[in-house]
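Trainee: model the structure of this input:
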Amino acid sequence: MVPSAGEPTQYRDFFVANPHPMWVYDLRTLRFLAVNDAALAQYGYSHAEFLAMTIADIRPAEDAPRSLENVRATGRELDHAGTRRHRKKDGCLIEVEVTSHALAFEGRPARLVLAHDVTERRREGVAGAVDAAS
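Mentor: A predicted model of the protein is given here:
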């Protein structure tokens, strides 16, 4: 459960101060409804900028159809969407492992998302594979 403004501070803090980038988005409009501090730091957007965007805005244009298919295909259960590419404010692409779960947020059908950056780990894995093959 992602706490809204009316929830006790303790629960809101679990979301806001979580060290992993997280957000909640509206399943109908795909707009961000809440974003935690780790997501702000990872992606480089301000809180207001994030809330003015949709989840499509952080995806490369060529990945948008796959992203929308995944949104339609996920149910209420926990979804491990796998690795996705996201675009940061500065234009850099990162690879993230996305895990999400459906919930109601401020009366709207929504999804809570955790986006774990695996860019460096994947680069190291590719470099390690190249070194081993040499």
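Trainee: can you list the residues that contact the helix or strand containing residue 70?
Mentor: Per DSSP states H and E, residue 70 falls inside helix 64-73. Contacts to helix 64-73, defined as CB atoms under 8 Å, 6 or more residues apart in numbering, come from residues 27, 30, 55, 56, 59, 79, 81, 84, 111. C-beta here means a position set from N, CA and C on the backbone, and glycine is covered the same way.
Trainee: which residue is nearest the middle of the chain?
Mentor: With distances taken as CA atoms, centre = their mean, the residue of the chain nearest its centroid is residue 115 (4.2 Å).
Trainee: and the residue lying closest to residue 115 once chain neighbours are set aside, what does it touch?
Mentor: The shortest distance from residue 115 to any non-neighbouring residue, by CB to CB, 6 or more residues apart in numbering, is to residue 96 (4.2 Å). Residues in contact with residue 96 (CB under 8 Å, 6+ apart) are 21, 83, 84, 85, 86, 115, 116, 117, 118, 119.
Trainee: okay then, goodbye and thanks.
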